[in-house]
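> Let's see this in three dimensions:
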Amino acid sequence: MLGYLIKRVLQSILVLLCVSIVVFAIMYLSGDPTEMLLPPEATQKQVEELRHHLGLDQPFFVQYKTFMASALQGDLGKSFVFNKPAIGLIVERIPATMELAVFAMVLAVIIGLPAGMYAAVKPDSWLAKAIMSGSLLGISLPVFWLGIILVLIFSVILGWLPSSGRGETEVIFGIRLGFVTWSGFKHLLLPALTIAVFQLALIVRLVRAGMLEVLLQDFVKFLRAKGLSAGKVVYIHALKNILIPVVTIIGLQLGNIIAFAVVTESIFAWPGMGKLVIESIHALDRPVVLAYLLIVSLLFVFLNFLVDVVYTFLDPRIRLK
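Numbers count the residues shown, from 1 in each chain. A predicted model of the protein is given here:
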């Protein structure tokens, strides 16, 4: 286990190094942030003074060396726009994004797992056919279009749910959460549902395919021959054999939601990391973009490690090496 942890730590360092080089190079080639920070009537002298103040007048490798020296001390730089530590701006937005991502994934799993199992156990029923048709539709719908339609129906036409913002929040264990208040919960529903639809459809199709394969295996026939009820065979023994690919997809998709919930957060004005990084990209705010991508990369590494650990509980034959 210790050797596995050391290997994962070294892999994480290499991933973060590669991400920092690629992103720093892209942002370096994207343009001059001073053009976004200064008014159009600014003089050339003012532009040069600002570029010197931000260190943008140095060659690429000098700028990257300065960034890495500060990063190794836990300083990812100050935002060009907000003049605050970039990592602080990201950390402030993490709870909102995590709340949205986790709630959407929980919603997808709670509905998708039993729906996929039912579609496999009774594939010829009208409900199973409806589930599979709905899953195909859910995978095909663009997220931005779905979000707009949900706002139109539930906010504009019916007036049931708010269309933007996070609502009231409460601080629990030092973390500001919205779902614990009625206002926050109502604000959370539409963006979470927008994200959950694709994840739900993906889980349904994955669970159905895995369950259909498992139900044809010999051990299932043996359990049925022993007289076990259909419920125990399906929901206990067969379910255990499909959980590993399901857990893999959940881990990967949770990371994707956290990293790429940009469209949903923009549509619903959700104050998360995605909305902040889009604004920072438009303003060429390099420190914020770098801090965001490094934190997201680290989060992906952690989620992959967590999935590997869960494997060992689902299947005792798996060992971390």
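
> Helices along the stretch 151-300 of the chain, start to end?
182-214, 218-225, 230-232, 239-240, 243-260, 262-267, 273-282, 286-314 (DSSP state H, counting those that start in this stretch).

> any idea how far the nearest residue to Leu188 once chain neighbours are set aside lies from Ser266?
With sequence-adjacent residues excluded and distances taken as C-beta to C-beta, 6 or more residues apart in numbering, Leu188 is closest to Phe179, at 5.4 Å. (C-beta placed from N, C-alpha, C; glycine too.) Per C-beta to C-beta, to the nearest Å, Phe179 is found 21 Å from Ser266.

> what do you get for Ile148?
Between Ile148 and Ser266 the computed distance is 11 Å (C-beta to C-beta).

> related to what we said a few turns ago, higher neighbour count, Phe179 and Ser266?
A direct count of neighbours by other C-beta atoms under 10 Å for Phe179 and Ser266 places Phe179 higher, at 20 against 16.

> in terms of contact, does Phe198 touch Ser140 like I think?
No. Checked against C-beta atoms under 8 Å, the pair Phe198 and Ser140 is beyond contact range at 9.3 Å.

> Give me the more crowded residue out of the two.
Counting neighbours by other C-beta under 10 Å for Phe198 and for Ser140 shows that Phe198 has the greater number, 22 against 9.

> Contact partners for that one?
Contacts for Phe198 were tallied using C-beta atoms under 8 Å, 6 or more residues apart in numbering; they are Gly138, Ile139, Leu141, Val143.

> Recalculate using a threshold of 7 Å.
By C-beta atoms under 7 Å, 6 or more residues apart in numbering, the contact set of Phe198 is Gly138, Ile139, Val143.

> Let's see which of these end up in strands.
Assignment to strands by DSSP state E places none of these there.

> Which among those count as buried?
Neighbour counting over the contacts of Phe198 (16 or more other C-beta atoms under 10 Å) leaves Gly138, Val143 as the buried ones.

> Just the ones of the contacts of Phe198 in helices?
By the criterion of DSSP state H, membership of the contacts of Phe198 in helices covers Gly138, Ile139, Val143.

> returning to that earlier point: shouldn't the residue nearest to Leu188 be in contact with His187?
No. Phe179 lies out of contact with His187 (C-beta atoms under 7 Å); the separation is 9.2 Å.

> what's the helix ranked longest in the chain packed up against?
Using DSSP H, we find that the single longest helix of the chain is helix 86-121. For helix 86-121, the contact count by 3 or more C-beta pairs under 7 Å, 6 or more residues apart in numbering; DSSP states H and E identifies helix 126-140, strand 175-177, helix 182-214, helix 243-260, helix 273-282, helix 286-314 as packing neighbours.
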